[in-house]
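Asks: Below are the sequence and a predicted model for it; my questions follow.
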Amino acid sequence: MTLKIGKSKTPVDATPETVDLGRRRAIQSGGLAVAFLWLGSTGVASAMASATRQAGDDAAALADGNPPFAPNAFIRIDADGSIRLVMPSVEMGQGIYTGISMLIAEELGIGMDQLKVEHSPPSLALYGMPALGGQITGGSTSTRSEWQILREAGAVARVLLVSAAATQWKVDPASCTVERAVIHHAPSGRSLGFGAVATAAGKLPMPNPLPPLKDPKDFVLIGKPLRRVDSSDKINGVTQFGLDVKVPGMKIAAVKECPTFAGVLASLDDKAARAMPGVVDVLRIGNAVAVVGDHYWAAKKGLEALDIQWDLGVNANLSTKQLRDALADSARNGKSIVAKETGSRPATGTTVDAVYQLPMLAHATMEPLNATVSVTADQCEIWTGTQVPTRCVDVAVKITGLPEEKIVLHNQYLGGGFGRRLETDQVEQALAFAKQVKYPLKVVWSREEDIRHDRVRPMYHDLISAVVNADGLPVWFGARTSGGTVLGRWAPMAMGKNGLDSDAVECLDELPYEIPNLKVEWIRHDMPPGLIVGWWRGVGPTHNLFVVESFIDELAHRAGKDAVAFRRAMLQKNPRTLALLNLAAEKSGWGSALPARVGRGIALGEPFGSRVCAVVEVEVTPQGEVRLRRVVVALDCGIGVNPSSIEAQVQGGLLFGLSAALYSGITIKNGAIEQSNFNDYRNLRINETPLIEVHRIENLESPGGLGEVGTAIAAPALANAIFAATGVRLHELPVDWTQLARDADALMSVASVGKNVEGDLV
Amino acid sequence: MLSLQVNGESHSVDVPPDMPLLWVLRDVIGLMGTKFGCGIAQCGACTVHLDGQAVRSCVLPVGSIGTKAVTTIETVGKTPSGQKIQQAWLDVDVVQCGYCQSGQIMSATALLDRTLNPTDADIDAAMSGNICRCGTYVRIRAAIKQAATGKLDILQTIVTPPAAASAAPNTPVGASS
């Protein structure tokens, strides 16, 4: 089997007997998604969701209130007509519960006000999606991978319900229509609600072949800016997140893990803690301690009263500089894997080189990590918000020794994911503590634990070069990128046969531009033991687009060309992306005059099956402080399911990326993360947030991913804007404001007050 | 034993006086709408009202509250400003993950209570203590303005999508009244 990584023009060749053309189109793009498709095709994750009833569906429906009509894993209609939809993806803010509901409702023939949503139980067979080879929410794959199957699921249900009504009426099903969960037979003026035919419809055989889907021009829901299905509960404080779980008899634990990577607990004196009011227990595992209390405050005070000795381990002296130096050495001298090579490097021409470095990053989800666990002799129950339900079950099997069917996972709304909840470490830790006690245990990480024990976005070191022609345009592009591999730990089976991490080079090996020769290499550089790197919103593209689009900007400047005109010249054979560039330039007023120390920066890319172009406008004060003035985004994500969600994801994603680029970096001293809370791991706030305009090019192309698109394009547009404003090229993030002061005199003057202050202060 | 007035009800709680109100609300009284985000008053997720003033409950010792009335997200919608803010939050579909939104709404309601027509600077001052990692700030700003003026100047979401194409945006509170 050949597998093209990235934006293949040919459909991905994967298990063609189960993946139809529509779905293949939907997932043909995106290194991470394609990497997992590989995993799926190896048979490791072959059981996958289906629009029609399959083996595990009866048991799942039985456990879900045994509704009379449950034609597949996603739809339950009760006898009273209430409609429940089971969500194959998890909701962490991205709006997917709304998108999923719209896809099903569109074909089922119901209104968005007529449905209730449910979290799905862990089941690879029922809720596994092909794009990521499992029941996994990440990589901006949900809509891409569910677009086809969930509409099919809705259509299957509608056909069965109509068929039941038509049989009862003894009429041709084709003469019936469906509107807002009611089946009508216009010729005879009869109507039946879904509930009235649910039992009869539940006994009908599955339609074969699958019913045809609506023509997009007939959509009544898809494409409309509909309110989120979870809004109402979230504004009333009713939504239950993992941290809000209440279980009878539950106690609450505050925890502390050894601050150093791979360090362990040496000794513990808990006498003072145990004597404190409200403290119930003190628990130990290999690398952490927990104080259990009647409430979190008692547990926290107890934790503070512990006298803990840590064995700091092999990383006791580790520093950011050591990591940086070792990574830089790998980038220069390490053995590389060639991700892509096209043509060859010309013997003549001018070579341009640049080095880019990106920092480690924490996720800092608003809801700190937590898990509630109840372990008894014959059952284990887990309540947590997770992007990987089945992986939580897997670790529970391992830690408790109970069989899989004795593990019950209750997934929750996630107070942010950003990739952090693709890990199961908080569940593993909670299981290890909870199996020592007889009561349900809620393990709460403080913000300090959450940041100090994050599974950070890896640091990167990139050597980029180009050979340019007389016009300054690149005729050869070369990249040596180096960093820790997330994929290599998280899903080693998904690594390329040559050892390549396809995520590490996404948006680097497939450029939107016409550059005849290219060589992209990846150097695997593993971090020291215990420093575990993880997925972070935007994954490979967040890193690579910063590098590529900063470098393209450097080339444009070197050639004396306007940044838009320079890109335009290389996009003549890429009309979809060229149209975006032109739209962003137009809407941002590109080229119009700006005051001194104000600049616009542009960046474009094709991440996650979408295309995006962002223009960021900044002002840099004479003292070097960066202020965001305006952001304009042009987006082509193919068919848009919910324009309101699209706008929200692009705006929020951009702010997530801008926040990191402006302020965030995880550093290490004496083997431990130095940052600990929002005071020293700073985040963008509303007073620093500009207006963000989102302009879409609408078409009928397959839906692209959205959750990470804004994040991935934010940093290069920002850095290019800062260059335009100051002439300072940023090769490292986060932005180092000390580089940006106009001159030494400016630093002596008083800092500007208020926003958008143009010119100097006296 | 301390007596607390929370959402119009009296609660007797047996807790140490230095225990922050946040944990009394969540782990003792069982009101889970008020959120834990940082524990050091840096993120605003725990914002509640004390006699109408927005305060960070994660650092507010419960012993210092006395007879002041505590209002949380669970009942803020019963106040005119809270109702307007929540309706505007729905109309422009502010929320994403939603975890910070209890605190955002409590801060915004306190702002609207004392400032009928908040300017951008007023919004910055009142809301910059509330972090949203999803980045809903653009819509938060728009929703506060909409709650204050009734003027629709941002994409409005549709509540009940229609069979026909006659869907109208939901009319925000304040626009019709």
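Replies: Looks like it came in fine. Residues are numbered from 1 along each chain as shown, chains lettered A, B, ... in the order given.
Asks: the helices in the stretch 201-350 of chain A, which residues?
Replies: For the stretch 201-350 of chain A, the helices defined by DSSP state H, counting those that start in this stretch cover A:231-235, A:271-274, A:296-304, A:320-333.
Asks: And the ones you listed: which comes nearest A:Ser702?
Replies: Distances from A:Ser702 to each of the helices of the stretch 201-350 of chain A were compared by Cβ to Cβ, and the smallest falls on helix A:231-235, at 27.5 Å. Heads up, the C-betas are built off the backbone N, CA and C, glycines and all.
Asks: so what secondary structure elements neighbour the closest one?
Replies: In this structure, helix A:231-235 makes packing contacts with helix B:80-91, helix B:101-114, judged by 3 or more Cβ pairs under 8 Å, 6 or more residues apart in numbering or on different chains; DSSP states H and E.
Asks: For the helices of the stretch 201-350 of chain A, give me TSV that also has mean pLDDT and mean neighbour count.
Replies: Supplementary listing: the helices of the stretch 201-350 of chain A in TSV, determined by pLDDT from 0 to 100; neighbours: other Cβ atoms under 10 Å in any protein chain shown:
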stretch	mean pLDDT	mean neighbour count
helix A:231-235	97	22
helix A:271-274	98	15
helix A:296-304	98	23
helix A:320-333	98	16
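Asks: which of the helices and strands packed on helix A:231-235 sits most buried?
Replies: Taking mean count of other Cβ atoms under 10 Å in any protein chain shown as the contact definition, the stretch among those with the greatest mean neighbour count is helix B:101-114, which reaches a mean of 26.
Asks: near chain A, anything from that one?
Replies: Yes: under the criterion of Cβ under 8 Å from any Cβ of the partner chain, helix B:101-114 makes contact with chain A via B:Gln101, B:Ser102, B:Ile105.
Asks: Adding mean pLDDT as columns, could you present the helices and strands packed on helix A:231-235 in a markdown table?
Replies: Shown next, in a markdown table, are the helices and strands packed on helix A:231-235 (pLDDT from 0 to 100):
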| stretch | mean pLDDT |
| --- | --- |
| helix B:80-91 | 97 |
| helix B:101-114 | 98 |
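Asks: out of the ones you listed, which comes closest to A:His410?
Replies: Scanning the helices and strands packed on helix A:231-235 with Cβ to Cβ as the criterion, the closest one proves to be helix B:101-114, at 21.8 Å.
Asks: Could you identify the helix or strand that succeeds that closest one?
Replies: Secondary structure here is assigned by DSSP states H and E; on that basis, the next helix or strand after helix B:101-114 toward the C-terminus is helix B:120-127.
Asks: Convert that following helix to CSV, retaining C-alpha atoms only.
Replies: This file holds the C-alpha atoms of helix B:120-127, laid out as CSV (Å, rounded to 0.1, in the frame of the first residue of the first chain):
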residue,chain,number,x,y,z
ASP,B,120,-14.4,49.6,25.7
ALA,B,121,-12.2,50.9,28.4
ASP,B,122,-14.9,50.1,31.0
ILE,B,123,-15.0,46.5,29.6
ASP,B,124,-11.3,46.2,29.7
ALA,B,125,-11.1,47.4,33.3
ALA,B,126,-13.9,45.1,34.5
MET,B,127,-13.1,42.0,32.5
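Asks: Now the next helix or strand after it: average pLDDT?
Replies: Per DSSP H and E, the first helix or strand lying C-terminal to helix B:120-127 is helix B:137-149. When pLDDT is averaged over helix B:137-149, the result is 97.
Asks: Check what pLDDT the closest residue to A:Gly128 other than its chain neighbours gets.
Replies: Once flanking residues are discounted, A:Gly128 sits nearest to A:Met48: 4.7 Å by Cβ to Cβ, 6 or more residues apart in numbering or on different chains. In the prediction, the pLDDT value recorded for A:Met48 is 85.
Asks: Domain-wise, how is the chain divided?
Replies: If you meant another chain, say so; for now it's chain A. As assigned by automatic domain parsing, chain A contains the domains A:21-227, A:242-314+A:369-444, A:460-748.
Asks: try chain B instead
Replies: Residue ranges for the domains of chain B, per automatic domain parsing: B:2-74, B:77-149.
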